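Peer 1: Predicted coordinates and the sequence they were generated for:
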Amino acid sequence: MNDIFLRACRGEEVPYTPVWIMRQAGRYLPEYQRVREEAGGFLKLCKTPELAAEVTTQPVDVLGVDAAILFSDILIPVEAMGMHLEFSEDKGPVLHDPIRTKSAVDRLVVPDTEDSMPFVVDTIKILRKRLAVPLIGFSGAPFTLATYMIEGKGSKDFVNTKRLMFQNPGIFSLLMEKITMTVVSYLSAQIRAGAQAVQLFDTWAGVLSPLDYRNFAQPYLRSAVAELRKEGVPIIYFVNDCGGLLGDIKKCGADVIGVDWRTDLRDAIKKIGKKCAVQGNLDPLALFLPKDEIEDRVKEILWKGEFARGHIFNLGHGIHKETPVDKVVSLVEAVHRFSER
């Protein structure tokens, strides 16, 4: 197996910088579109192990990336906690009856992954038999899952989330405790099934001030990471729009800190220090640039990544659905070529 990604996560010597891409199994790939249509919808695809395994492996075959990430969605465990989840082509994910009262929190369960989400476990087991690169499992981080559960969908201002935080912190804390237990159970089950690393996506933690991050997100994240460290696999933590929080993020206990494209990677490394590897951080829409300009940006990021304990090349967020596949192939080739030791 090509274990260069895992070695980079641990800060070990590697022959070149490994690369994978957030949302690499997705709509920009014609192969993915075909399988999704065959499955009859996004949620059905997530819950059909053979098809979910197929789309997980597609980017490895098409792009030549150094790691695969489980095809699923961050809201799968939220549905298992007892919320009704739907996906709309226009509106994205919708969670009915948002959680805004203590009675609503009390009705939520901490699900057993093997019993309530066996398709996730089965998909991982299939993948471990097929893949020649490491498999990354993942979950939403507690705060980001809470935002969806409280808002009922994506949001621009997160007014309901912050209202609950500020006006009913006890209820918010009870919700976060249940989510944290769920995340730990969910990722532990993925690791037991065969995931060789896990990533916690905190997509919306960047909407918090540093003070509010420390009070309302960090304690639960650190608790989850501390429990997951017992499983013995690398843990990656990614916050979108992380620049103002890096001083706190570096204390989370993860092995790798993901950096979005709004933050200069060299500056991020200075703030993070040498205890963690870094992941990132090309602007996803930079893949619309001409090939030679993409290569220039790759070289710059690779140079800055040399100052870190370890570096995994990635985009600063998920790949856009309209991205030309040939540009992504060129990106992966460029990372490998220009980083070869």
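Peer 2: Ah, there it is. Numbering: from 1, shown residues only.
Peer 1: correct me, but Ala205 touches Tyr213?
Peer 2: Yes - with contacts counted by CB atoms under 8 Å, Ala205 reaches Tyr213, the gap being 6.2 Å. The C-beta positions use only the backbone N, C-alpha and C, and glycine is treated the same way.
Peer 1: Quick check: neighbours shared by these two?
Peer 2: Residues touching both Ala205 and Tyr213 (CB atoms under 8 Å, 6 or more residues apart in numbering): Leu245.
Peer 1: ok, those two, which is more surrounded?
Peer 2: Using other CB atoms under 10 Å, the more surrounded residue of Ala205 and Tyr213 is Ala205, with 27 against 21.
Peer 1: dump the residue contacts of Pro324.
Peer 2: Tyr28, Leu287, Phe288.
Peer 1: Tyr186 against Glu79, yeah?
Peer 2: No - counting by CB under 8 Å, Tyr186 sits too far from Glu79 to count as a contact (11.6 Å).
Peer 1: Neighbour count for these two, which is higher?
Peer 2: For Tyr186 versus Glu79, the count of surrounding residues by other CB under 10 Å is larger for Tyr186: 25 against 20.
Peer 1: List the buried residues of the helix or strand the more buried one falls within.
Peer 2: Using DSSP states H and E, Tyr186 sits in helix 169-193. By neighbour count with 16 or more other CB atoms under 10 Å, helix 169-193 contains the buried residues 171-172, 175-191, 193.
Peer 1: Secondary structure, distance to Gly243 and pLDDT added to the contacts of Pro324, as CSV?
Peer 2: CSV is the format used below for the contacts of Pro324 (DSSP: H, G, I helix; E, B strand; the rest coil; distance: CB to CB, whole Å; pLDDT from 0 to 100):
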residue, secondary structure, distance to Gly243, pLDDT
Tyr28, coil, 27, 96
Leu287, helix, 22, 98
Phe288, helix, 23, 98
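Peer 1: hmm, which of these are the buried ones?
Peer 2: Tyr28, Leu287.
Peer 1: out of the contacts of Pro324, who's nearest Phe338?
Peer 2: Nearest to Phe338 among the contacts of Pro324: Leu287, at 16.2 Å, using CB to CB.
Peer 1: which residues touch the closest residue to Trp261 other than its chain neighbours?
Peer 2: Excluding the flanking residues, the one nearest Trp261 by CB to CB, 6 or more residues apart in numbering is Gly316, at 2.9 Å. Contact partners of Gly316, counting by CB under 8 Å, 6+ apart, are Val259, Asp260, Trp261, Arg262, Gly280, Asn281, Leu282, Asp283, Pro284.
Peer 1: Now render those as CSV, adding pLDDT and neighbour count.
Peer 2: Converted to CSV, those look like this (pLDDT from 0 to 100; neighbours: other CB atoms under 10 Å):
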residue, pLDDT, neighbour count
Val259, 98, 30
Asp260, 98, 21
Trp261, 98, 20
Arg262, 97, 14
Gly280, 96, 26
Asn281, 97, 24
Leu282, 98, 23
Asp283, 98, 15
Pro284, 98, 19
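Peer 1: With respect to Ala39, which of those is nearest?
Peer 2: Nearest to Ala39 among the contacts of Gly316, counting by CB to CB, is Pro284 at 25.1 Å.
Peer 1: Report the beta-bridge partner residues of the closest residue to that closest one other than its chain neighbours.
Peer 2: Nearest residue to Pro284, sequence neighbours excluded (CB to CB, 6+ apart): Leu315, at 4.6 Å. When assigned by DSSP bridges, Leu315 has beta-bridge partners Leu282.
Peer 1: To what extent is Leu315 buried, counted in neighbours?
Peer 2: Residues near Leu315, counting by other CB under 10 Å: 28.
Peer 1: Now that it has come up, it's in contact with Gln24, right?
Peer 2: No - using CB under 8 Å, Leu315 makes no contact with Gln24, being 9.0 Å away.
Peer 1: show me where this protein has strands.
Peer 2: 68-69, 85-88, 92-95, 135-140, 197-202, 235-239, 256-258, 277-282, 311-315 (DSSP state E).
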